[in-house]
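Predicted model follows, preceded by the sequence.
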Amino acid sequence: DAKTTQPPSMDCAEGRAANLPCNHSTISGNEYVYWYRQIHSQGPQYIIHGLKNNETNEMASLIITEDRKSSTLILPHATLRDTAVYYCIVRAVSGGYQKVTFGTGTKLQVIP
Amino acid sequence: GAVVSQHPSRVICKSGTSVKIECRSLDFQATTMFWYRQFPKQSLMLMATSNEGSKATYEQGVEKDKFLINHASLTLSTLTVTSAHPEDSSFYICSAGRGGYNEQFFGPGTRLTVL
């Protein structure tokens, strides 16, 4: 699986959009971009994933650049409960049966 | 979605004792489960892949005789930390995949403290 690079930490004001970047310049054509988050002392939670098109669900939006070398996770209206570590992961499969390799992630602090 | 539970949520034990952690898929069958370990302020590290009815596959550097994994049914995998020592104190998390879903479903984690 390709390596990802994320900023170690970010702050976001409550109610504003949180934009979390991820660099995956060595991504292969068959690799998907996944995002998970981990709230303190809890198990990780799946957020969203995509291959090359932008994706949106009830939690977030995922914007993948045309060359697929980077992506941005957008939380449109951040709340205090969104404070967590966010992991960007690149995986060669779309299924849930393969292992997930976590990097260091971005610690997002939502500020009142 | 799908629910994965872990038991216990936290455990404190004396050095030298063994501790068993259970991971259950509550509303689906999981032929494959994964075990992770997370030290304070660090990311999750995959320890092993647990396969129903067969031996677990351990990641490099993980002692298979110390971390015993048993996946005896399609809804239950157990991790036993044998002869636990203070350096085994950590947050242990399991996950499972489910047919028809692209993501892994993670348990809430078990906090192990070895005195």
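Yep, that arrived.

if I look at residue A:70, how far off is chain B?
Distance, residue A:70 to chain B, using CB to the nearest CB, to the nearest Å: 20 Å. The C-beta positions use only the backbone N, C-alpha and C, and glycine is treated the same way.

Report the contact partners of that residue.
Taking CB atoms under 8 Å, 6 or more residues apart in numbering or on different chains, we find residue A:70 in contact with A:21, A:22, A:23, A:24, A:25, A:64.

and with 7 Å instead?
Residue A:70 sits next to A:21, A:22, A:23, A:24 when contact means CB atoms under 7 Å, 6 or more residues apart in numbering or on different chains.

what sits against the third one?
Taking CB under 7 Å, 6+ apart as the contact definition, residue A:23 lies against A:4, A:5, A:69, A:70.

beta partners of it?
With DSSP bridges as the criterion, residue A:23 is bridged to residue A:5, residue A:70.

What pLDDT does the model give it?
For residue A:23, the model assigns a pLDDT of 96.

Now do the strands in chain A.
All strands of chain A, identified by DSSP state E, fall at A:9-13, A:18-23, A:32-38, A:45-50, A:55-56, A:61-64, A:70-75, A:84-91, A:106-111.

and residue B:46, which of those is closest to it?
Across these, residue B:46 has its closest neighbour in strand A:84-91 (11.8 Å, CB to CB).

For chain B, which residues are neighbours of chain A?
Proximity of chain B to chain A (CB under 7 Å from any CB of the partner chain) is limited to residues B:32, B:34, B:43-44, B:46, B:49, B:93, B:97-98, B:101-104, B:106-109.

Tell me the gap between the least confident helix or strand in chain B by mean pLDDT and the middle of its chain.
Every helix and strand of chain B was ranked by mean pLDDT, DSSP states H and E. The lowest is strand B:104-106, at a mean of 89. Its chain's C-alpha centre and that of strand B:104-106 lie 12 Å apart, by CA atoms, centre = their mean, to the nearest Å.

Then stretch A:7-15?
Centroid separation for stretch A:7-15 versus its chain: 13 Å, with CA atoms, centre = their mean.

That stretch near chain B anywhere?
No: for stretch A:7-15, no contact with chain B is found by CB under 7 Å from any CB; the gap never falls below 11.0 Å.

Count residues in the vicinity of residue 77, would you?
Here I'm looking at chain A. By the criterion of other CB atoms under 10 Å in any protein chain shown, residue A:77 has 10 neighbours.

meant chain B actually
Number of residues near residue B:77 (other CB under 10 Å) recorded here: 30.

now do residue A:108
For residue A:108, using other CB under 10 Å, the count is 21.
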